[in-house]
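Asks: quick check, what structure comes out for this input:
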Amino acid sequence: MKIEHLGIAVKSLETSDRLFSRLLGKEFYKQEAVEREGVKTSFYEVGESKIELLEATNADSPISKFIDKKGEGIHHIAFGVENIAFEIERLKKEGFMFISEEPKEGADNKLVVFLHPKSTNGVLVELCQEKP
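Replies: Residues are numbered from 1 along each chain as shown. All right, here's what the predicted structure looks like:
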């Protein structure tokens with residue numbers, strides 16, 4: 001397991017891209033829309049990990065709801081795994097709760113699943129695996 005990326009909820013991808021480009025001294029390497037989740041994303045490489053900026057594309061998006069409740073900021077931490085199905089079963093046996101136990105297609109060519117923050121000290125945790 002490794003830290004794959006940190007997800008940061010932002011109000012404006014355009015404004016935040018300018019900020020993070022100046023902060024990191026480089027441009028994003030990828031932008032992508034995930035229609036099913038109602039988000040647009042920008043990805044920045046930072047060493048062996050990444051930063052994912054997330055902007056809501058509609059008011060019902062989880063990112064929109066997060067910003068309404070908590071404001072802009074860190075939304076989730078994602079751990080890269082080799083075998084997402086194995087990790088889901090292992091973590092269920094350890095007593096962790098999931099938002100959904102079925103991996104789904106996420107951004108950046110990944111299969112993803114989220115653990116419920118109630119079982120992870122209030123932190124939304126994402127597991128992601130490179131799609132085969």
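
Asks: strands of the chain, start to end?
Replies: Taking DSSP state E, the strands of the chain run over residues 2-10, 30-34, 39-46, 49-56, 73-80, 104-105, 110-115, 125-130.

Asks: can you say which of those strands is nearest to S16?
Replies: S16 sits nearest to strand 2-10 of all the strands of the chain, at 4.0 Å, using C-beta to C-beta. All C-beta spots, glycine's among them, are computed from the backbone N, C-alpha and C.

Asks: in terms of secondary structure, what does the closest one contact?
Replies: With contacts taken as 3 or more C-beta pairs under 8 Å, 6 or more residues apart in numbering; DSSP states H and E, strand 2-10 sits against strand 49-56, helix 62-70, strand 73-80, strand 125-130.

Asks: ok, back up a step: right, and the strands of the chain - which one's nearest K65?
Replies: strand 49-56 (8.2 Å).

Asks: and the closest one, which strands flank it?
Replies: Partners of strand 49-56 in the sheet, by DSSP bridges, are strand 2-10 (parallel), strand 39-46 (antiparallel).

Asks: circling back to that earlier point, between the strands of the chain, which one is nearest to F86?
Replies: The nearest among the strands of the chain, by C-beta to C-beta, is strand 125-130 at 9.7 Å.
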